[in-house]
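For reference, the sequence and a predicted model appear below.
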Amino acid sequence: MVDQGRSRGRTETWRPWTPADPRPALAWPDGLAGLARNLTESLRRWALADVGPGRLMPWLAVAFGFGIILYFTAEQEPAIWAAIALAVIAGIGAVLARRRPIAFPLTLAIAAAAAGFATATVKRAMIAHPVLQAPAWNVEIAGFVEAREERERSDRIVVRVHLMAGARITEKPDRVRISVRRGMAPPVGAFVELKARLSPPLAPLRPGGYDFARDSYFQRIGASGFVLGRIRTLEPPVPPGLWLRYAAKIDALREAIDSRIRAVLPGDKGAIASALITGKRDAISTPVNDAMYISGIGHVLSISGYHMAVVAGVVFFTLRALLALFPAFANRCPIKKWSALAALAAAAFYLLLSGAEVATQRSFIMIGIVLIGVLVDRPALTLRTLTVAALGVLLLTPEAVVHPSFQMSFAATLAIVATYQGSLSWMNAGADTARGARIALWGGREIVGLVLVSLVAGFATTLYTAYHFHRLAPYGVIANLLAMPVVSVLVMPMGILGALALPLGFDGMFWRLMGEGIGWMIAVALWVTSLPGSVGRIGAFGVGPLLLGSAGLIVLCLLKTPLRLASAVVIIVASLWAIRSPAPDVLIAADGSNVAIRTTTGRLAMVKTGNDTFAFREWLAADADARSPKEKALADGITCDEVGCIGRLTDATLVAFTRTLEGFEEDCRRAALVASARDAPPGCAALVVDRQVRQRTGALALWRVGKAWETVAARSDGYDRPWSRSRPQTDDAAALSGTPRSATRDATPSPDDLEPGD
């Protein structure tokens, strides 16, 4: 009786109102009124089914993540007391409304969103640190090396600053990321002294682009740069902390495994093998790395659920099979639980060894829940497992919600779980027949499952791949069908055996077998990349289609009734919105050194003043342009001389890039837009984007609309966050509104301005 009372207390905390007969027989509709009544009744019945007991839990993670997204959209940093108070008030409201069938889910969603908002605010307050605001040369730095990355052309280290001195250094960043010559990076834990040129963390390269400064801030990095001269390793003036000693041990282990693998497997085979075992994937050559992602199998390089499941599964089934060889022992002892505990330990070690990225954290949490369920004899519910994993990751790293790794990882997993639950009975249909047994024997269901998983994961991640990387993988299913069986059967098992045999010195043959499988994977990637139309490119679009498409995917995966069909309309609208996003006519870099103009050819022509092509690469990708940023033809359509450059838009409007003060007089008279890395003199008749404007706005995108300009800035007026501090307001406030300074005439060029040689 006590148990029944407790059960009633739990289940009656919130129960949506249901009719006496949840599935009444529907009579033939009496005209339009009857049809409307039947439709209303069906909608109500479906809605009640989708909000029934146990159906709302996944939506808590959705609301929690939405609250974090709201935090990142704020123009000013929220006060921590206000965020916590909002979460507490919303939580109290949800408790008070727990017996109301409609108010409770709404207030619970609001409380979860407020909790996500407060979590991000608290995390920011916990990691608050200074950020460099202006470039600085010859900065003397002394500190501990906390991390290092090997790259194709150079290495990078993260230094926790102990001492820093240099001109224009008003605040000392806690950590700096520094590029060093390839092979010259000191080990993690070393105390180094060096000179470097430092710059503020990289701002978005275009409006709507990825915010590297925000990413660096949550990694507690306040500046980046490169070494000037040599690096000196010294005796530390203070002992390293416990975390640094742990990081040094893990890095030394990763380095030892990486060195051994690459001694046996040179080139890209060794780099990929090391990426799969240690997570060190920065040494893969650019052609192979690009081919992997273009072909659609680049997900193999990022340690995630697939790798974690293989490691835990191999350990679990191997140990259980070995223990089962001793019947007397197996009958007396819980070998299944022992195997689950060993698999959990192996997964935890793999998590630490691979660098514990977001996708790996999510995978470990999900695998951990499943294995703990085995230990306590409880089944693991997949959607709830995914929900707990999402909440766990977002509680620890709320900033991950805006990172492509988190978005793509959870989107793919959610779609696979929803498909698996919906198609399990279909997959098992006919298994007890002779034909079904033969199909199962020859791996028919596995092949169908692999095709299904590839299609579902590819569909679920398409929107995020298009948004972040501006490309698609048309032949992704073919590449995955050819490569993934080899990875599952040969590459990963040999990698696990190689790691286990490494201390005994018998690991070489396992790495070589692993290399054979990796060679096949590389061959598949290169072959698929060579197929016609293999590189699917798509122009950049805003965050609106991304959020709308994400909502459609979530509705499709979480709802079980025909209401989920509404997601098709949402996804189609999001896709059309993304495809129809207009491309800008002019792009201006945040430092004013690079400018792109859409000329009469319809493609971007670019002007640069330095050797850095990073912005050009991003702009070309965002424009769905296959050209290389190093091509000389990128400047076609732009005429340059010693004072500046000028180009014509598709409507013949002149755009000038002015390098000298002398050039402003002519450019302000003839051009509709004048961009410069300098401060422009007052009285220019054109719209001016100079240093004063860019300090407030960052990178700019402009569209020519009639005889006016429509402008979108990477940083809006009044935007002030810890990773992007606001600049003082100047008299140039009118510049971004489309009103030129002291405009005395229309900026549209006259026929004289279109003479050859301009």
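Looks like it came in fine.

From here on, just use CA atoms for contacts and neighbour counts.
OK.

Return the per-residue confidence for the nearest residue to residue 491 once chain neighbours are set aside.
Using C-alpha to C-alpha, 6 or more residues apart in numbering and skipping residues adjacent in sequence, the residue nearest residue 491 is residue 514, 4.6 Å away. pLDDT for residue 514: 93.

count of residues packed around residue 514?
As a burial measure, residue 514 scores 26 neighbours (other C-alpha atoms under 10 Å).

mind listing what residue 105 touches?
Residue 105 is in contact with 56, 94, counting by C-alpha atoms under 8 Å, 6 or more residues apart in numbering.

State the distance from it to residue 320.
44 Å (C-alpha to C-alpha, to the nearest Å).

Equivalent analysis for residue 150, please.
Taken as C-alpha to C-alpha, the span from residue 150 to residue 320 is 38 Å.

Quick one: low-confidence residue ranges for the stretch 1-150 of the chain.
1-31, 34 (pLDDT under 70).

Check the chain too.
In the chain, residues with pLDDT under 70: 1-31, 34, 152, 305-306, 358-359, 362, 379-381, 422-451, 610-612, 727-758.

What residue spans form the domains of it?
2-16+51-126, 136-240, 256-537, 543-579, 586-754 (automatic domain parsing).

Of those domains, which is nearest residue 40?
Each of the domains of the chain has some distance to residue 40 by C-alpha to C-alpha; the shortest is domain 543-579, at 12.3 Å.

wait, which of the domains of the chain is closest to residue 41?
Nearest of these (C-alpha to C-alpha): domain 543-579, 12.9 Å.

Pull out the buried residues from the closest one.
545-546, 548-560, 564, 567, 570-571, 573-575, 577-578 (16 or more other C-alpha atoms under 10 Å).

Give me the distance from the lengthiest strand in the chain to the chain's centre.
Ordering each strand of the chain by length in residues (DSSP state E) puts strand 136-150 first. Strand 136-150 sits 26 Å away from the centroid of its parent chain (C-alpha atoms, centre = their mean, to the nearest Å).

Pairing partners for it, with directions?
Taking DSSP bridges as the criterion, strand 136-150 pairs within the sheet with strand 154-165 (antiparallel), strand 191-199 (antiparallel).

can you give me the helices for the stretch 451-600 of the chain?
When assigned using DSSP state H, counting those that start in this stretch, the helices of the stretch 451-600 of the chain occupy the ranges 476-486, 492-501, 508-530, 543-558, 566-579.

can I get those helices in a markdown table with distance to residue 363?
Below are the helices of the stretch 451-600 of the chain laid out as a markdown table (distance: least, C-alpha to C-alpha, whole Å):
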| stretch | distance to residue 363 |
| --- | --- |
| helix 476-486 | 18 |
| helix 492-501 | 16 |
| helix 508-530 | 23 |
| helix 543-558 | 19 |
| helix 566-579 | 27 |
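
mind checking which of the ones you listed is nearest residue 198?
helix 543-558 (31.3 Å).

so the closest one versus helix 566-579, what angle?
160 degrees (axes from the mean of the first three to the mean of the last three C-alpha atoms, to 10 degrees).

Give me the helices and strands touching helix 543-558, please.
helix 404-428, helix 444-469, helix 566-579 (3 or more C-alpha pairs under 8 Å, 6 or more residues apart in numbering; DSSP states H and E).

redo that, cut-off 10 Å
helix 57-73, helix 404-428, helix 444-469, helix 566-579 (3 or more C-alpha pairs under 10 Å, 6 or more residues apart in numbering; DSSP states H and E).

Using CSV, list the CA coordinates for it.
Provided in CSV are the C-alpha atoms of helix 543-558 (Å, rounded to 0.1, in the frame of the first residue of the first chain):
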residue,chain,number,x,y,z
VAL,A,543,21.0,32.4,-37.9
GLY,A,544,17.2,32.6,-38.5
PRO,A,545,17.1,29.6,-40.9
LEU,A,546,19.4,27.7,-38.6
LEU,A,547,17.1,28.1,-35.6
LEU,A,548,14.0,27.4,-37.7
GLY,A,549,15.5,24.3,-39.2
SER,A,550,16.7,23.1,-35.8
ALA,A,551,13.1,23.5,-34.4
GLY,A,552,11.8,21.4,-37.3
LEU,A,553,14.4,18.7,-36.7
ILE,A,554,13.5,18.6,-32.9
VAL,A,555,9.8,18.4,-33.6
LEU,A,556,10.3,15.6,-36.1
CYS,A,557,12.4,13.6,-33.7
LEU,A,558,10.6,14.2,-30.4
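
and that helix, how far from the chain's centre?
That offset, for helix 543-558, works out to 16 Å (C-alpha atoms, centre = their mean).

Settle this for me: residue 170 is touching residue 135, isn't it.
No. Residue 170 sits out of contact with residue 135 when judged by C-alpha atoms under 10 Å, with a separation of 11.5 Å.

follow-up on the earlier one: so which of the helices of the stretch 451-600 of the chain is nearest residue 345?
When the helices of the stretch 451-600 of the chain are compared by C-alpha to C-alpha, helix 492-501 sits nearest residue 345, at 13.9 Å.

List the neighbours of that closest one that are in contact with it.
257, 261, 273-274, 276-277, 306-307, 310-311, 314-315, 486-488, 502, 504-515, 517-518 (C-alpha atoms under 10 Å, 6 or more residues apart in numbering).

what angle separates the helix or strand encompassing residue 307 from helix 492-501?
Residue 307 belongs to helix 305-324 when assigned by DSSP states H and E. Put simply, helix 305-324 runs at 60 degrees to helix 492-501, going by the same axes, to 10 degrees.

Output the longest strand of the chain as PDB, nothing but the C-alphas.
This file holds the C-alpha atoms of strand 136-150, laid out as PDB (Å, rounded to 0.1, in the frame of the first residue of the first chain):
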ATOM      1  CA  ALA A 136      51.400  44.700 -29.000                       C
ATOM      2  CA  TRP A 137      55.000  44.000 -30.300                       C
ATOM      3  CA  ASN A 138      58.000  42.600 -28.400                       C
ATOM      4  CA  VAL A 139      56.000  41.400 -25.400                       C
ATOM      5  CA  GLU A 140      58.000  39.500 -22.900                       C
ATOM      6  CA  ILE A 141      56.100  36.500 -21.600                       C
ATOM      7  CA  ALA A 142      57.000  34.000 -18.900                       C
ATOM      8  CA  GLY A 143      54.700  31.200 -17.900                       C
ATOM      9  CA  PHE A 144      53.800  27.500 -18.000                       C
ATOM     10  CA  VAL A 145      52.900  25.700 -21.200                       C
ATOM     11  CA  GLU A 146      49.400  24.300 -20.600                       C
ATOM     12  CA  ALA A 147      48.600  22.800 -24.000                       C
ATOM     13  CA  ARG A 148      50.300  22.300 -27.400                       C
ATOM     14  CA  GLU A 149      49.000  21.500 -30.900                       C
ATOM     15  CA  GLU A 150      50.900  20.100 -33.800                       C
END
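
Relative to residue 190, how far out is residue 292?
Counting by C-alpha to C-alpha - residue 292 and residue 190 are separated by 35 Å.

do residue 182 as well
17 Å.

what's the answer for residue 671, then?
Distance from residue 671 to residue 190, counting by C-alpha to C-alpha: 55 Å.

list the buried ones in stretch 277-295?
In stretch 277-295, counting by 16+ other C-alpha under 10 Å, buried: 277-285, 288-295.

do the same with stretch 72-82
72, 77-78, 80.

now, among the residues you listed, which is nearest to residue 120?
residue 72 (8.5 Å).

check contacts around that closest one.
So residue 72 contacts 78, 117, 120-121, 214, 399, 401-402, 721 (C-alpha under 10 Å, 6+ apart).

Whichever of those residues end up buried, select them in PyMOL.
To isolate the buried ones among these in PyMOL, judged by 16+ other C-alpha under 10 Å, type:
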select buried, resi 78+117+120+121+214+399+401+402
